[in-house]
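Novice: Need the 3D shape of this:
(chains A and B)
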Amino acid sequence: MADGRAGNPPRLVGHDQAVEVDDSVLWSRARTGDSEAFGMLFERHARTIYNFCFRRVGDWATAEDLVSIVFLQAWRRLDKPLPRGKELPWLFGIATNVVRNRRRAERRHAAALRRVPQPSPVPSFADESDQRVDDEELMGRALGLVARLPRREQEVFVLCAWSELSYEDTAIALQIPVGTVRSRLSRARARLRELDPAIGHDGERVQMTKGAVER
Amino acid sequence: MKGDLSIPPLRDLPPGRLAQRREHLLFEITRERESRGALARLWPTPWRRPRRRRIVVLAAAALVVAVGAASAIGGVRAFFLDRGFIGLPPIGATPSAPESGELVLRWSGGSETHKRPHWRGGFAAPYVGAWVYADGRMIWWRDGQLPEGANELTSGYLEQRLTPEGVELLRSEVVGLLDRSRALLETIPADDDPRPGPFGGLVLVVPHDYGSGGGSAAGSVEVRDGDRFVRLQWHAGITDDDPAFEGTIATPEQLSALRRIDALLTDPASVLPSSAWAVRAVRAYVPSHYAVCIDTSPPKDASELLSLLPTRAADVLRDKSRTRLDGEAFGNTREDERMRVLGRTVTYCSKLATDEAREVADAVSGLERPSWARPYSLVYRVAEAVNNSRPTTISFDPYFPDGQFQLWGGGR
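Specialist: Numbering: from 1, shown residues only, chains lettered A, B, ... in the order given. So this is what the prediction gives:
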């Protein structure tokens, strides 16, 4: 994906010059109670998780809410030691679970909605809103197809193909062996090809998807 | 389109939402951490069985869903207000967190940066107040019309967040100016009288055409030095008719530094680099507590003033501790336009949680809100002025994170 997976990396600033801090350091600092460090992790990866959530639910507004829930869940699980550099796969794992549990939460969601005060209007980002409507339509079609896979294959497919995680990172996210990732992905690809051999004839955006399916 | 697996490109969160979401996340974390601490105190470890923990986790999750649900229909704006307000916040608005913070620097004065041609000729320089805290919060207000403002005349108290680098940048600029003006500096306690600064004293004399012109520009900047503040005041066009002031004429370097600080503190969004901002998005400052003050002139006992209030308001205030502030009423008479002391005043202030303040405000809501205060502060007239004195008023002003408040009600 040409436009990259994560947002602009934030910087911690010392006395003399700006120093980039990697996720592991921020994670460690967050574990000691440094909420600013956790805030920086959020800034760094919110966009990635936002897009992942969108690709699981097909709705930008819901994806935005899910991002908040993912990071709050992540904070609650900060006590878990992670292998160095595996913070993002871990976030993907939490996001996968949050998306999975979303339907169960929806009833409480609706009940909670009735209790909260009426919000003030949302700022306009009209120049992008048409694109976002198109996105949701396009995503709906893709999800319609992926939904025909078993849930476990869907999860592997979305992480490997649409979020471009490595097999190893996908294994960390889903807490399954790497071999299982390979086999599920293989089955998912085969099933998708069975469902429609003509998958992906839609210009530039298809390149990535088609590659993922045929990899 | 059967079989199309095309997916849309990656997109950013809608404008401003990343900062809002981050803010909200950190707020939730802080709140949850505090409630965990309280939980641990209530239920010692052997008591906190897995089932209980699960209930607590489920309750917290429901809270998250509630917040998420609100966001789905309007961003977190249901809690974080994107416009200033006058008086008490809407019910449900999330207070600024953490509740307390260490004040690093404070600014108030007519802004050279924002001066605009006035329709009657000359310039108008809106008054600006800004407070910067060690935790990065910058709380400010400005006269005039702003997109985030409470009304056409003033912004109300607004909040943004700086990074540690941003705080240091502002502090070092102010310290630089103060270093150039050592002979004019005053040292004041950190918990100095919360009313507007002293009328008079040592000042840096700025040119007659500074600010709004006509010699009316004035202001002060204060920076923390340990448990005290160092203050520099400036004033334009002092003449022999202003015996309250004395000072030295600003050098070009001092004037340039003052202009730079003015720009930094009154238009930070345009001037500060992006690395200085933790949250550039502006939102209302929502305090946790209010100073509810009764002001009158000439001075009277608190009990006498409480007896003038509706019973329900008096009942809430009677048991609260009070701070008595004695002062002088400044003004001019028809015969003489010069400012002078017209009489003695007394102000009794109690610190109330927002809900308690709301109860008092509800009880006095039948009283008149004087037109001079209405755009700026929640003030009710309790009793009319007698002779040359001031009317008796009750006002509701927000507490800042450093435990101070800015008294508007009786001061204007």
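
Novice: if I look at A:I69, how far off is A:W75?
Specialist: For A:I69, the distance to A:W75 equals 11 Å [C-beta to C-beta, to the nearest Å]. No exception for glycine: its C-beta is placed from N, CA and C like everyone else's.

Novice: Neighbour count: those two, which is higher?
Specialist: A:I69 (24 against 20; other C-beta atoms under 10 Å in any protein chain shown).

Novice: where exactly do the helices run in the chain?
Specialist: The chain I'm using is chain A. Remark: helices assigned in chain A by DSSP state H are A:23-31, A:35-57, A:60-76, A:87-100, A:102-115, A:126-146, A:151-157, A:167-174, A:178-195, A:204-214.

Novice: hm, I was asking about chain B
Specialist: Secondary structure of chain B (DSSP H): helices located at B:17-42, B:50-74, B:164-179, B:252-266, B:268-271, B:302-306, B:311-318, B:354-364.

Novice: If I average pLDDT within each of those helices, which one is lowest?
Specialist: Of all the helices of chain B, helix B:50-74 carries the lowest average pLDDT, namely a mean of 53.

Novice: residues near the residue of the stretch 251-400 of chain B found nearest chain A, how many?
Specialist: Here the residue of the stretch 251-400 of chain B nearest chain A is B:S275; by C-beta to the nearest C-beta that distance is 6.1 Å. For B:S275, the count of nearby residues is 14 (other C-beta under 10 Å).

Novice: Name the nearest residue to it, sequence neighbours excluded.
Specialist: Closest residue in space to B:S275, ignoring its immediate chain neighbours: B:E165 at 5.7 Å, by C-beta to C-beta, 6 or more residues apart in numbering or on different chains.

Novice: Please name the residues that touch residue 181.
Specialist: You didn't pick a chain, so chain A it is. A:156, A:160, A:167, A:170-171, A:174 (C-beta atoms under 8 Å, 6 or more residues apart in numbering or on different chains).

Novice: my bad, chain B
Specialist: B:204, B:232, B:254.

Novice: Bridge partners for the second one, pull those for me.
Specialist: Which is B:L232. B:L232 has these beta-bridge partners by DSSP bridges: B:V221.

Novice: can you check the first one too?
Specialist: Each beta-bridge partner of B:L204 is listed here, defined by DSSP bridges: B:W234, B:T248.

Novice: tell me, how many neighbours does it end up with?
Specialist: Around B:L204 there are 27 residues (other C-beta under 10 Å).

Novice: right, and it touches B:A236 too?
Specialist: No: taking C-beta atoms under 8 Å as the definition, B:L204 is not a contact partner of B:A236, at 10.0 Å.

Novice: Count the residues that sit near B:G366.
Specialist: B:G366: 8 neighbours (other C-beta under 10 Å).

Novice: Let's see the pLDDT reported for the spatially closest residue to it that is not a sequence neighbour.
Specialist: In space, and not counting its chain neighbours, B:G366 is closest to B:P310: 7.3 Å by C-beta to C-beta, 6+ apart. Model confidence at B:P310, given as pLDDT, is 94.

Novice: Can you name the residues that contact B:P310?
Specialist: B:363-364, B:366.

Novice: got any ranges where the stretch 101-250 of chain B has weak pLDDT?
Specialist: Filtered on pLDDT under 70, the stretch 101-250 of chain B yields the residue ranges B:118-122, B:190-201, B:213-216, B:237-246.

Novice: rerun that using 90 as the cut-off
Specialist: For the stretch 101-250 of chain B, applying pLDDT under 90 flags the ranges B:107-128, B:142-154, B:169-170, B:172-222, B:224-250.

Novice: do chain A as well
Specialist: Looking at chain A by pLDDT under 90, you get A:1-40, A:43, A:56-87, A:97-153, A:161-164, A:168-169, A:172-173, A:175-178, A:186-215.

Novice: what's the spacing between the residue nearest the centre of chain B and B:S111?
Specialist: By C-alpha atoms, centre = their mean, chain B has its centre lying nearest to B:Y157, at 4.8 Å. Counting by C-beta to C-beta, the gap from B:Y157 to B:S111 is 16 Å.

Novice: if we can go back for a sec, cross-check the contact I'm expecting between the residue of the stretch 251-400 of chain B closest to chain A and B:L162.
Specialist: No: if you go by C-beta under 8 Å, B:S275 and B:L162 don't touch, sitting 10.0 Å apart.

Novice: ok, now which ones touch B:V175?
Specialist: B:V223.

Novice: ok, 6 Å please
Specialist: Contacts for B:V175 (C-beta atoms under 6 Å, 6 or more residues apart in numbering or on different chains) come out as none.

Novice: hang on, the earlier thing: name the nearest of the contacts of B:P310 relative to B:A284.
Specialist: B:V364 (22.9 Å; C-beta to C-beta).

Novice: how close does that closest one sit to B:Y285?
Specialist: Counting by C-beta to C-beta, the gap from B:V364 to B:Y285 is 23 Å.

Novice: Specify which residue of the two has the higher count of neighbours.
Specialist: Applying other C-beta under 10 Å to B:V364 and B:Y285 shows that B:Y285 carries more neighbours, namely 25 against 20.

Novice: right, and the more buried one touches B:S155 too?
Specialist: No: using C-beta atoms under 6 Å as the test, B:Y285 is too far from B:S155 to be in contact (10.1 Å).

Novice: okay, and the common contacts of these two?
Specialist: Contacts common to B:Y285 and B:S155, judged by C-beta under 6 Å, 6+ apart, are absent.

Novice: burial measure for B:E152, as a count.
Specialist: B:E152: 9 neighbours (other C-beta under 10 Å).

Novice: now it, nearest residue through space, not along the chain?
Specialist: Using C-beta to C-beta, 6+ apart, the closest residue to B:E152 is B:Q145 (5.0 Å).

Novice: repeat for A:E153
Specialist: Using C-beta to C-beta, 6+ apart, the closest residue to A:E153 is A:A188 (4.0 Å).

Novice: mind listing what that neighbour touches?
Specialist: Contacts of A:A188 by C-beta under 6 Å, 6+ apart are A:149, A:153, A:157.

Novice: got it, and B:A276?
Specialist: Counting by C-beta under 6 Å, 6+ apart, B:A276 touches B:162-163, B:165-166, B:169.

Novice: now do A:Q154
Specialist: A:V146.

Novice: B:L185 is in contact with B:Q233, isn't it?
Specialist: No: with contact defined as C-beta under 6 Å, B:L185 does not count as touching B:Q233 (9.6 Å).

Novice: Out of these two, name the residue with the larger neighbour count.
Specialist: Set side by side, B:L185 and B:Q233 show more neighbours around B:Q233, with 24 against 17, by other C-beta under 10 Å.

Novice: Distance of that one relative to B:D402?
Specialist: 20 Å.

Novice: What of B:S307?
Specialist: Relative to B:D402, and taking C-beta to C-beta, B:S307 is found at 33 Å.

Novice: more crowded one of the two?
Specialist: Counted by other C-beta under 10 Å, B:S307 and B:D402 do not tie: B:D402 has more neighbours, with 19 against 11.
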